[in-house]
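Visitor: Just a sequence and a predicted model for now, questions to come.
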Amino acid sequence: MSAPDPAALPGLPRDAAGPVFAEPWQAQAFALTVQLHEQGAFTWREWAQALSDELKAAGPADDGARYYHHWLAALERMVTAKRLAGAEALAARKHAWEAAYLRTPHGQPVLLES
């Protein structure tokens with residue numbers, strides 16, 4: 001994958017060295033994508049196409065500020081398309097994280113109940 005053109009995505013968080021992660025979940029989504037690729041779940045070509053499709057669907061008004069939201073959407077689509085997890089399982093996990101987040105006091109780590 002090649003780095004995005006800075007002019008094309010002005011809202012993408014970056015420092016002098018290039019794009020950076022603004023929040024921990026972005027780094028985790030990135031790492032999960034790399035790990036799934038390394039385990040053979042999909043090729044880089046497949047990943048690039050999935051991410052490209054998400055970015056194109058966002059349209060020309062998208063300034064890049066939601067880049068990692070599109071990244072996550074592409075990853076979720078790849079995971080379901082490759083049958084690594086079903087859409088229902090992904091939705092259930094999202095709801096569990098949301099519930100855990102809402103019940104966690106500020107400043108405390110968010111933990112899923114077992």
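Guide: Sure thing, it's come through. Fair warning: this is a prediction, and the values are worked out from it, not measured in the lab.

Visitor: Off-centre distance for whichever strand or helix holds residue 37?
Guide: Using DSSP states H and E, residue 37 sits within helix 24-38. Chain-centre distance of helix 24-38: 8 Å, with C-alpha atoms, centre = their mean, to the nearest Å.

Visitor: helices and strands around the very next helix or strand once past that helix, which ones?
Guide: Per DSSP H and E, the first helix or strand lying C-terminal to helix 24-38 is helix 44-58. On a contact count with 3 or more C-beta pairs under 8 Å, 6 or more residues apart in numbering; DSSP states H and E, helix 44-58 meets helix 24-38, helix 67-81. Quick note: C-beta positions are derived from backbone N, CA and C, even for glycine.

Visitor: looking at those helices, which has the lowest confidence?
Guide: Looking at the helices and strands packed on helix 44-58, the lowest mean pLDDT belongs to helix 24-38 (a mean of 91).

Visitor: Could you check it and say which residues are buried?
Guide: 26, 29-30, 33, 36 (16 or more other C-beta atoms under 10 Å).

Visitor: quick check: angle from that helix to helix 44-58?
Guide: 140 degrees (axes from the mean of the first three to the mean of the last three C-alpha atoms, to 10 degrees).

Visitor: Turn the helices and strands packed on helix 44-58 into JSON lines, including distance to residue 90.
Guide: Shown next, in JSON lines, are the helices and strands packed on helix 44-58 (distance: least, C-beta to C-beta, whole Å):
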{"stretch": "helix 24-38", "distance to residue 90": "12"}
{"stretch": "helix 67-81", "distance to residue 90": "6"}
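
Visitor: quick one: which of those is nearest residue 89?
Guide: Residue 89 sits nearest to helix 67-81 of all the helices and strands packed on helix 44-58, at 9.0 Å, using C-beta to C-beta.
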